[in-house]
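Novice: no sequence on this one, just coordinates:
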Ligand SMILES: NC(=O)c1ccc[n+]([C@@H]2O[C@H](COP(=O)([O-])OP(=O)(O)OC[C@H]3O[C@@H](n4cnc5c(N)ncnc54)[C@H](O)[C@@H]3O)[C@@H](O)[C@H]2O)c1
Ligand SMILES: O=C(O)C[C@H](O)C(=O)O
Ligand SMILES: [Mg+2]
């Protein structure tokens, strides 16, 4: 009972429980309450020197007492979210091997590829309903972290519990350890992962196929979230498996719904219709092109035909403005490429058409960054944008803080306070919205599970985006509800997503089971049994 984080209550075991379970002597005599335990852990957190050590402390608490961990998190989400999730989880992944203590979730390593079904057969996993899986190759904007990427599935699933009320016994973080191309990790004597260059190509595909087949056989109906896979794999796996497994890619689809929902909230604030926006995306990888495709759908829903919708969007990637005559564009970028003849009237020096040239000529009303390039939204770019529109909407979405395209205080300063600013990571700047997919994935997951959905459709993500955009704000100038409201946000989104699942013909539960009260009643709260 004491060693299992799902049953441990620490000093909160009552006198009667200590009698019945033979716990006298193993615990100090004081009988505490959940509140007193929270106060004790808060005092420790307050006394710690830095956030990385707070992260490590919270990870150990999660591995010793899940109710207390979640009660502490929920009691102060604005303070705890940045410690168990973005941005601190980034350093948690980089230094994962240093702080590895106890098993959580599953490492499915390539050398163990013939054992996947055996590993999944563990009866301790019988209750699993939600899996978040990564192969650690694109951890936030920090690149390949190999096995250390496990910090991300653990963090995302902590939020499934905190925001969507999924019971801690029902979540399973998985790291597909196919090696790492990060030499610093591989050469570190403390590295806990498989010391091998990444497996790629047909071997990688066969390994993931074996993994999906084993998951499908062991957990029918499980919801699987693909997380922090590098660009091409992110797209390929989503397309290959979304029809076979109840699954979605959070970086492509969750981020798209988050950015679209926040943009819908922004245009409600400015009064300028979506169809009038000129949108520049900086970084057209998984997140950027996912956002672009959802914006195309939103523009079509707002009345444009597809060609006109695509005319509202310009993508800039590492080779500059994405143009249709650039050889070997990945398919997601080819769909966004502009015709080079459009550049006829542009003012610019010959050569590469970078972000500044694009902003000067397009005069965007919306600028979204998903490039992982720190400082890419520099003063000349932002001043050029501010000269061309009254209320620039600027979302530097890249995480963690060290990879953000701009500091939000600079964006406000360079635009004379006129910009509507949203950042992927929390910066603690008043009036700035945190535009992070934590606003979307818990609600989508909860809604899909509640509906007994057989697939997560694009329509379900659009319903999530529209709901997010309609929820109102924190009353402090930001565009979305505050972090304290994330649980209520997840419920509202879940209801909309479940209803859309019914409309899309993928729900197996009857519509009357999907009312808000029925879904809310399924949401777990951290209290001792
Ligand atoms: N706020 C959120 O909720 C959220 C969600 C998903 C991703 N992100 C962040 O977005 C970033 C990108 O994630 P991703 O999944 O799209 O990764 P990705 O690797 O698929 O895409 C990154 C893209 O940026 C491009 N790029 C790299 N250097 C560039 C440069 N100098 N100029 C222009 N483009 C450049 C790459 O070519 C690539 O197309 C990460 O930092 C991630 O943390 C944030
Ligand atoms: O993890 C986050 O904070 C958001 C997003 O999924 C990312 O990869 O950056
Ligand atoms: Mg991610």
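Specialist: Nice, thanks for sending it over. Since the structure is predicted, the reported quantities are computational estimates derived from the model, not experimental observations. Numbers count the residues shown, from 1 in each chain. Ligands and ions are numbered 1, 2, ... in the order given.

Novice: Surely residue 468 is within a strand?
Specialist: No. Judged by DSSP: H, G, I helix; E, B strand; the rest coil, residue 468 forms no part of a strand; its state is helix.

Novice: Excluding residues flanking it in the chain, which one is nearest it?
Specialist: Excluding its sequence neighbours, the residue lying closest to residue 468 (C-beta to C-beta, 6 or more residues apart in numbering) is residue 261, at 3.1 Å. Any C-beta I mention is one placed from the backbone N, CA and C, and that applies to glycine too.

Novice: The one you found and residue 274, how far apart?
Specialist: From residue 261 over to residue 274 the distance is 12 Å, taken as C-beta to C-beta, to the nearest Å.

Novice: Kindly report the same for residue 165.
Specialist: Between residue 165 and residue 274 the distance is 33 Å, computed by C-beta to C-beta.

Novice: Hmm, residue 523 is touching residue 491, no?
Specialist: Yes. Using C-beta atoms under 8 Å, residue 523 is in contact with residue 491, at 7.2 Å.

Novice: who's more crowded, these two?
Specialist: Taking neighbours as other C-beta atoms under 10 Å, residue 523 and residue 491 compare with residue 491 leading, 23 against 18.

Novice: near ligand 1, which residues of the chain show up?
Specialist: Near ligand 1, the residues belonging to the chain are 138, 140-141, 230-231, 251, 255, 258, 282-288, 316-318, 370-373, 397-399, 403, 424, 435-437 when assessed by C-beta under 6 Å from any ligand atom.

Novice: contacting residues around the residue nearest the centre of the chain?
Specialist: Nearest to the centroid of the C-alpha atoms of the chain, with distances taken as C-alpha atoms, centre = their mean, sits residue 437, at 4.3 Å. Residues touching residue 437, when contacts are defined by C-beta atoms under 8 Å, 6 or more residues apart in numbering, comprise 250-251, 254-255, 257-258.

Novice: Likewise for residue 360?
Specialist: With contacts defined as C-beta under 8 Å, 6+ apart, the neighbours of residue 360 are 347-348, 384.

Novice: and it, helix, strand or coil?
Specialist: Put simply, residue 360 is helix when judged by three-state DSSP.

Novice: Can you read off the pLDDT for it?
Specialist: Residue-level confidence at residue 360 comes out at 97, pLDDT.

Novice: Roughly how far does it sit from ligand 1?
Specialist: Relative to ligand 1, residue 360 is positioned 17 Å away (C-beta to the nearest ligand atom, to the nearest Å).

Novice: State the helix or strand in which the residue lying closest to residue 406 once chain neighbours are set aside lies.
Specialist: When the adjacent residues along the chain are set aside, residue 406 lies closest to residue 377, with 3.7 Å between them (C-beta to C-beta, 6+ apart). Here residue 377, judged by DSSP states H and E, is contained in no helix and no strand.

Novice: Verify the contact between residue 377 and residue 368 for me.
Specialist: No. Residue 377 sits out of contact with residue 368 when judged by C-beta under 8 Å, with a separation of 10.1 Å.

Novice: Show me whatever sits in contact with both of the two.
Specialist: Shared contacts of residue 377 and residue 368, defined by C-beta under 8 Å, 6+ apart, are found at residue 282.
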